[in-house]
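A.B. asks: Would you be able to build a 3D model of this:
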Amino acid sequence: MGERVLAFDWSRTPLGPIEAWPQSLSSVVALCLHSPFQMAIYWGPELNCIYNDAERDVLGTRHPRALGLPARELLREMWEITGPQLQRVMEGGNAIWAENQPLSFDPHGMVETRYFTYSYSPILNDFGEVSGVLLVTEDTTDRVLAERRLEALRELATSSTDAETERQACEQTAVALAGTADVAFALVYLI
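C.D. replies: Presented below is the predicted three-dimensional model:
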């Protein structure tokens, strides 16, 4: 991503040419690009995006078009959640932390819900004013789904232990399955 950032025509964005960036932005971009963690920077009045290799994987087919995009455009499917969070950081200067936050977006041609633990932290410019936001994130989708499915299996295993008839066992199993987000449709047969 370092080469892409250097080659990008930043003069087409409110950030201006890379040679004119404030030292604070240049420093945080270097930190971001060298980090193995998923990171992105939203900077300037439109919160234009700069991201690293790890975040590129989350963006999917939005990469490389995402580079330089305003946050409102890049995060459009989840703007209802992320927009106010970014605004609070920019206006109040306080960091925000979200754990296993479900966010819907379109990284591969269809909108999907993924889970993220992330923080938005203010980035100060050379004058000590908030001019950007640093995103550090972890895609926790696999862990959240595994925990949720394990809980569904536990519920399923214990749901019918006190059943006195096969029919009661089937009914209790159906109730247990109906309470999980991972089973859209189920039929229980007695053979």
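
A.B. asks: nearest residue to D126 other than its sequence neighbours?
C.D. replies: For D126, ignoring the flanking residues on the chain, the nearest one in space by Cβ to Cβ, 6 or more residues apart in numbering is P22 at 4.6 Å. From N, CA and C alone the C-beta is placed, and that goes for glycine too.

A.B. asks: Do I have it right that the one you found meets I123?
C.D. replies: No: taking contacts as Cβ atoms under 8 Å, P22 lies outside contact range of I123: 10.2 Å.

A.B. asks: Among those two, which residue is more densely surrounded?
C.D. replies: More crowded of P22 and I123, by other Cβ atoms under 10 Å: I123, with 19 against 15.

A.B. asks: In which helix or strand does the more buried one reside?
C.D. replies: According to DSSP states H and E, I123 maps onto strand 112-124.

A.B. asks: Which other helices and strands does that strand contact?
C.D. replies: Where contact means 3 or more Cβ pairs under 8 Å, 6 or more residues apart in numbering; DSSP states H and E, strand 112-124 is packed against helix 23-34, helix 79-92, strand 96-105, strand 130-139, helix 141-159.

A.B. asks: Could you check the angle the third one makes with strand 112-124?
C.D. replies: Translated: strand 96-105. Strand 96-105 and strand 112-124 are oriented at 140 degrees to each other (axes from the mean of the first three to the mean of the last three Cα atoms, to 10 degrees).

A.B. asks: same question, the last one
C.D. replies: Between the axis of helix 141-159 and that of strand 112-124 there is an angle of 130 degrees, by the same axes, to 10 degrees.

A.B. asks: anything in contact with each of P22 and I123?
C.D. replies: S131 (Cβ atoms under 8 Å, 6 or more residues apart in numbering).
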